[in-house]
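Q: Quick one: sequence plus predicted model below, questions after.
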Amino acid sequence: MVIVTTKKGRKGRTDFKINSSYALSSVANRLQMMDTQQYLAMRKTAYQNDGITTIPAIAYDLNTWDQNRYTDWQKELIGRTSDASVVQLSISGGSDNASYLISYGHQEQGTVFPADFMYRTNNITGNFTFRSPDKKLDLNMSNSFSFQDNNVQNEDLTKRSLTLSPNAPALYDAAGNINWENNTFTNPVAGFKSEYLNSTVFINSGTNVTYKLFPFLSVKLNGGITYQNFEELSLKPHTMFNPASGLTSANSNSSRNNSTTFSYLLEPQIAADYGWKDHRFDMLIGTTLQQSETRQGSVQGIGFESNALIENLGAAKTKVVSDQVKNQYFYTAAFARLNYQYKKRYIINLTGRRDGSSRFGPDNRFGNFGAVGAAWLFSEEKWLKDLSWLSFAKLRGSYGTTGSDRIGDYQYLNTFSVTSNIYNGITGLSPSRLYNPNFSWEKTVKKEAAIDLSLLKNRISMTVAYYDNTSSNQLVGIPLPATTGFSSIQSNLPAKVQNTGWEFETSLQVLKSSALKYSTSLNLTVPRNKLLEFPGLAGSTYTNQFVIGYPTSLVKVYQYEGVDPATGMYKFKDFNSDGRLTSPDDNQVIEKIGVNFFGGWSNSLQYKQWSASFLFQFVKQRNYNYNRQMLIPGNITNQPVEVLDAWSPTNTDAAYMQYSSGSNAQKNTLHSLFQNSTAAVGDASFIRLKNVQINYSIPVQKFGIREAMLYVQGQNLLTFTNYFGLDPEFLLTGYLPPLKTYSLGFQLTF
């Protein structure tokens with residue numbers, strides 16, 4: 001359940017604002033791939049290395065396709081410049097007792113793929129506040145309506161753009177039709193003949209009411225409803241396949257999926273606030289009631305008389321109706337909070353709650369959680385009051401427990417699925433989940449200590465914090481032997497995982513009172529993750545996945561020892577010296593995948609009507625590189641130019657083993673080991689200029705306009721990294737990396 005809080009209107013006047021921008025985006029980084037001559041030389045050498053003198057007929061890149069043709073497939077398939085436009089309108093105003101704000105936003109965004117795909121979004125939001133003249137009643141209502149209508153591609157072409165042979169045929173023939181090059185080419189844009197359409201309607205409404213019964217006692221009610229309807233339609237006509245296959249509209253298929261979710265939230269509360277001399281008490285008692293219901297189902301149609309009917313699933317010759325599912329979720333909680341302050345500088349906060357979830361068995365639905373926090377504003381002490389350079393200083397700490405029920409609904413029950421098999425005219429059911437009423441809340445113990453400081457009249461601010469979160473009873477699917485008929489059973493994993501870290505934040509107003517104003521801020525987080533306990537780990541199915549005392553994100557890989565200069569084959573360490581490389585005996589090297597530290601450096605400048613800001617993002621990490629998913633160098637896929645450093649009789653000190661066409665079993669095995677070795681893990685650190693914005697405030701008051709501003713903005717403009725792959729932030733190379741975006745916009749206020 002989400003309650004959206006919007007901006008409020010200003011009292012005493014009415015404002016009408018227009019904000020519009022136009023942006024152009026492109027892929028921020030590309031891999032440098034082999035050109036045609038380098039690629040063909042690799043392919044020919046691969047067959048020679050494998051002892052194949054007659055190149056097979058299916059090697060179309062060597063036998064059939066133009067040997068002088070070159071296409072930069074990254075430019076062709078993901079190199080388009082996409083555009084996006086945003087228009088936002090808002091009107092706001094108010095009086096002493098009421099205020100309102102209503103806004104409308106429309107956004108359209110294209111893609112970098114070579115087709116006219118489009119995302120469209122419309123948003124309407126409203127906020128209304130009211131306070132009675134006697135100041136006893138406060139009312140806040142917020143509403144948001146979102147409508148999305150998207151036409152997007154069924155397949156991401158990023159991976160194909162990297163692996164497609166550089167001398168592969170053109171995408172279209174002279175007549176503009178999909179080119180199949182005499183059945184020798186699997187055209188990557190043939191999928192554009194299919195369509196994937198989805199639409200979403202999202203409605204959220206929230207209300208907060210407070211009534212003051214007495215000066216020290218109030219009753220509150222927070223409530224809200226959320227409705228979301230998601231519908232998708234996938235159309236796959238036969239024309240997306242090679243005509244040589246002889247398919248007709250009888251082979252076309254389409255599917256329609258629908259999901260509807262409705263939820264409500266009610267939170268009645270009683271709040272008390274009482275002060276006496278140097279003492280102040282703030283107490284809150286309340287309860288939460290939440291319910292959500294999701295209905296989903298899908299229908300598939302196969303075979304049509306004509307593709308003109310493909311959107312009408314009723315016209316399909318065969319209709320497949322999937323399970324029509326209704327999921328219900330109930331959540332309730334009772335909570336209390338007490339805050340005590342003494343002399344406005346000694347603070348204690350106590351919180352207790354009891355949560356219940358329908359996702360657990362009847363005897364384990366409720367969990368008890370609580371927290372205690374304390375703070376000392378030592379800058380308020382008399383012996384520090386005279387320090388003019390100290391503006392604010394606070395020492396704080398907390399200890400508490402929280403719970404999680406973030407698993408699917410009905411996980412503890414015996415559940416069944418409708419089978420597609422029909423026996424004697426009867427549709428059957430098959431068991432899909434085992435009964436386990438014993439698992440319950442996942443629990444986390446959270447500890448934190450911090451100090452907050454402000455110096456020199458708040459020109460320098462800093463925070464240093466240390467946190468320690470220990471989770472237990474993790475809700476996971478524990479693997480089962482295949483003889484049980486089930487792959488896993490939902491349960492609490494008997495393990496403890498610790499997440500600790502340091503967080504540093506500092507900000508500095510370098511120039512504050514001059515015509516030129518400049519401020520800068522820096523934040524740094526140093527996270528650590530460690531598996532503390534796991535009873536029975538050695539005999540469990542997780543024995544090759546986790547190690548006590550190491551991060552849970554670790555991977556066990558083979559130790560790569562380079563290329564044998566005599567044979568041109570990869571070498572790996574045989575830990576058990578049995579002459580074979582097998583798991584789990586030989587993939588013993590522990591690589592700590594994940595982030596060592598991350599942070600950001602932001603800056604803001606202002607001079608008269610001009611202002612500017614920029615943000616650098618930095619991450620120190622290790623992760624998988626392109627070697628992890630690289631297909632064996634020498635087969636019918638292109639490779640990065642780094643693969644040119646392959647073994648040959650004249651290059652025995654190489655980074656990659658000798659090329660292979662993929663027909664040699666020994667080389668295929670060695671390449672698979674290479675993909676799962678230390679060679680596939682490397683430095684993925686980076687520094688990125690994440691955002692730059694320049695604003696100019698136009699003096700237009702004499703024209704009856706209150707404010708006018710022009711701005712230009714850039715995102716993901718520069719990246720400094722040694723990472724081997726498309727992008728170090730978005731590590732899945734088979735998917736579109738972040739885009740570099742330039743935008744121009746204006747804002748008017750009347």
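A: Yes, it's here.

Q: would you list every one of the strands in the stretch 101-250 of the chain?
A: For the stretch 101-250 of the chain, the strands identified by DSSP state E, counting those that start in this stretch occupy 118-131, 137-152, 195-214, 217-236, in order along the chain.

Q: Need the distance between the two termini of stretch 599-615.
A: For stretch 599-615, the first and last residues are 10 Å from each other (Cα to Cα, to the nearest Å).

Q: whoops, stretch 232-248 was the one
A: With Cα to Cα, one end of stretch 232-248 sits 24 Å from the other.

Q: Give the buried residues for it.
A: Residues of stretch 232-248 classed as buried under the neighbour-count rule (16 or more other Cβ atoms under 10 Å) are 232, 233, 234, 235, 236, 237, 238, 239, 240, 241. Backbone N, C-alpha and C define where each C-beta goes, glycine included.

Q: which residues sit in contact with the third one?
A: Residue 234 makes contacts with 154, 194, 195, 196, 197, 254, 255, 256, as judged by Cβ atoms under 8 Å, 6 or more residues apart in numbering.

Q: May I see these organised as JSON lines, with neighbour count and pLDDT added?
A: Output for the contacts of residue 234, formatted as JSON lines (neighbours: other Cβ atoms under 10 Å; pLDDT from 0 to 100):
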{"residue": "154", "neighbour count": "14", "pLDDT": "77"}
{"residue": "194", "neighbour count": "20", "pLDDT": "92"}
{"residue": "195", "neighbour count": "20", "pLDDT": "90"}
{"residue": "196", "neighbour count": "17", "pLDDT": "92"}
{"residue": "197", "neighbour count": "15", "pLDDT": "93"}
{"residue": "254", "neighbour count": "24", "pLDDT": "95"}
{"residue": "255", "neighbour count": "17", "pLDDT": "95"}
{"residue": "256", "neighbour count": "17", "pLDDT": "95"}
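
Q: out of these, who's nearest residue 566?
A: For residue 566, the nearest member of the contacts of residue 234 is residue 154. The distance, counting by Cβ to Cβ, is 48.1 Å.

Q: if we can go back for a sec, so for residue 408, which of the strands of the stretch 101-250 of the chain sits nearest?
A: In terms of Cβ to Cβ, the element of those nearest to residue 408 is strand 217-236, at 17.3 Å.

Q: and the closest one, which strands flank it?
A: In the sheet containing strand 217-236, the strands it pairs with under DSSP bridges are strand 195-214 (antiparallel), strand 253-276 (antiparallel).

Q: okay if I get these as CSV plus distance to residue 388?
A: As requested, those are arranged in CSV below (distance: least, Cβ to Cβ, whole Å):
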stretch, distance to residue 388
strand 195-214, 40
strand 253-276, 29
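
Q: Nearest to residue 459, out of the ones you listed?
A: Closest of these to residue 459 is strand 253-276, at 32.3 Å (criterion: Cβ to Cβ).

Q: one step back: farthest pair in the buried residues of stretch 232-248?
A: When the buried residues of stretch 232-248 are compared pair by pair using Cβ to Cβ, the farthest-apart members prove to be 232 and 241, with a separation of 21.8 Å.

Q: Now do the strands in the stretch 351-500 of the chain.
A: For the stretch 351-500 of the chain, applying DSSP E, counting those that start in this stretch gives strands covering 366-376, 390-404, 415-423, 426-433, 442-455, 460-479, 488-511.

Q: other SSEs contacting the fourth one?
A: Meaning strand 426-433. Contacts defined by 3 or more Cβ pairs under 8 Å, 6 or more residues apart in numbering; DSSP states H and E place strand 426-433 against strand 415-423.

Q: quick one on the thing from earlier: the strands of the stretch 351-500 of the chain: which one's closest to residue 577?
A: For the strands of the stretch 351-500 of the chain, the distance to residue 577 is smallest for strand 460-479, at 30.3 Å, taking Cβ to Cβ.

Q: quick one on the thing from earlier: got the buried residues of stretch 232-248 as a markdown table, with distance to residue 71 and pLDDT columns?
A: Written out in a markdown table, the entries for the buried residues of stretch 232-248 read as follows (distance: Cβ to Cβ, whole Å; pLDDT from 0 to 100):
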| residue | distance to residue 71 | pLDDT |
| --- | --- | --- |
| 232 | 33 | 94 |
| 233 | 33 | 94 |
| 234 | 29 | 94 |
| 235 | 29 | 94 |
| 236 | 27 | 95 |
| 237 | 27 | 95 |
| 238 | 27 | 95 |
| 239 | 24 | 94 |
| 240 | 21 | 93 |
| 241 | 23 | 94 |
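
Q: Dump these into a markdown table; add distance to residue 209 as well.
A: Shown next, in a markdown table, are the buried residues of stretch 232-248 (distance: Cβ to Cβ, whole Å):
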| residue | distance to residue 209 |
| --- | --- |
| 232 | 38 |
| 233 | 41 |
| 234 | 45 |
| 235 | 48 |
| 236 | 51 |
| 237 | 54 |
| 238 | 59 |
| 239 | 58 |
| 240 | 55 |
| 241 | 60 |
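
Q: and which of those is nearest residue 51?
A: For residue 51, the closest of these turns out to be residue 241, at 36.1 Å, with distances computed as Cβ to Cβ.

Q: does the closest one really touch residue 190, like I thought?
A: Yes. Checked against Cβ atoms under 8 Å, the pair residue 241 and residue 190 is within contact range at 7.1 Å.
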